[in-house]
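A.B. asks: using only what follows, build the 3D model:
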Amino acid sequence: MEIILLQDVSKLGLKDDIVNVKEGYGRNFLIPRGFAIAATPSAKKMHSENLKQRAHKEEQIKIAAQEIAAKLADINLVVGAKTSSSGKIFGSVNTIQIAEALKEKGFEIDRKNITLPEDQIKEIGNYKALIKLHREVKVEVGFEIIAE
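C.D. replies: Next up, the predicted model:
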């Protein structure tokens, strides 16, 4: 069964992709939940027209994301954390703290778009976080954890 995805579905595809799935998966899961629509000839025609109209807007968004990525590449963040005398952090540093540090620098980034290298950062030191600004634009930002 051929379907058009209305939103990103993990391990299947991104929004506006046309993919083939098994009949039951499409009819019983994706379509009723609003993740996809059946790819009929008329739906494909509407889909292609919508893509043409959105192409210009998407290009402008991508250019803006690339400009932000260029600014972010030069930034080093400093995140304070309570530590023991041996340098271990009480708790851990997470994406919320990175998002707040970016906000202080003037960048409004959603914490869901930030990926840390390890599950939990528990020691003082220098690390890098991956920030997804657009489907095709990602940037690594360095940050240092210091004792408060």
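A.B. asks: off-centre distance for the longest helix seen in the chain?
C.D. replies: Determined from DSSP state H, the single longest helix within the chain is helix 41-73. Between the mean C-alpha location of helix 41-73 and the chain-wide mean there is a distance of 16 Å, by CA atoms, centre = their mean, to the nearest Å.
A.B. asks: what's that helix packed up against?
C.D. replies: Where contact means 3 or more CB pairs under 8 Å, 6 or more residues apart in numbering; DSSP states H and E, helix 41-73 is packed against strand 2-5, strand 138-147. The C-beta positions use only the backbone N, C-alpha and C, and glycine is treated the same way.
A.B. asks: do that again at 10 Å, thanks
C.D. replies: strand 2-5, strand 18-20, strand 36-38, strand 125-132, strand 138-147 (3 or more CB pairs under 10 Å, 6 or more residues apart in numbering; DSSP states H and E).
A.B. asks: in TSV: those, plus distance to residue 104 and mean neighbour count.
C.D. replies: Supplementary listing: the helices and strands packed on helix 41-73 in TSV, determined by distance: least, CB to CB, whole Å; neighbours: other CB atoms under 10 Å:
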stretch	distance to residue 104	mean neighbour count
strand 2-5	37	20
strand 18-20	41	14
strand 36-38	40	19
strand 125-132	15	15
strand 138-147	12	16
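A.B. asks: the domain parsing of this structure - what is it?
C.D. replies: As recorded under automatic domain parsing, the domains making up the chain are 2-60, 69-147.
A.B. asks: which one of the ones you listed has the lowest average pLDDT?
C.D. replies: Within these, the least confident segment by mean pLDDT turns out to be domain 69-147, at a mean of 87.
A.B. asks: any idea how far apart the tips of it sit?
C.D. replies: End-to-end distance for domain 69-147, by CA to CA, to the nearest Å: 28 Å.
A.B. asks: likewise for stretch 14-23?
C.D. replies: End-to-end distance (CA to CA), stretch 14-23: 19 Å.
A.B. asks: report the buried residues of it.
C.D. replies: 19, 21 (16 or more other CB atoms under 10 Å).
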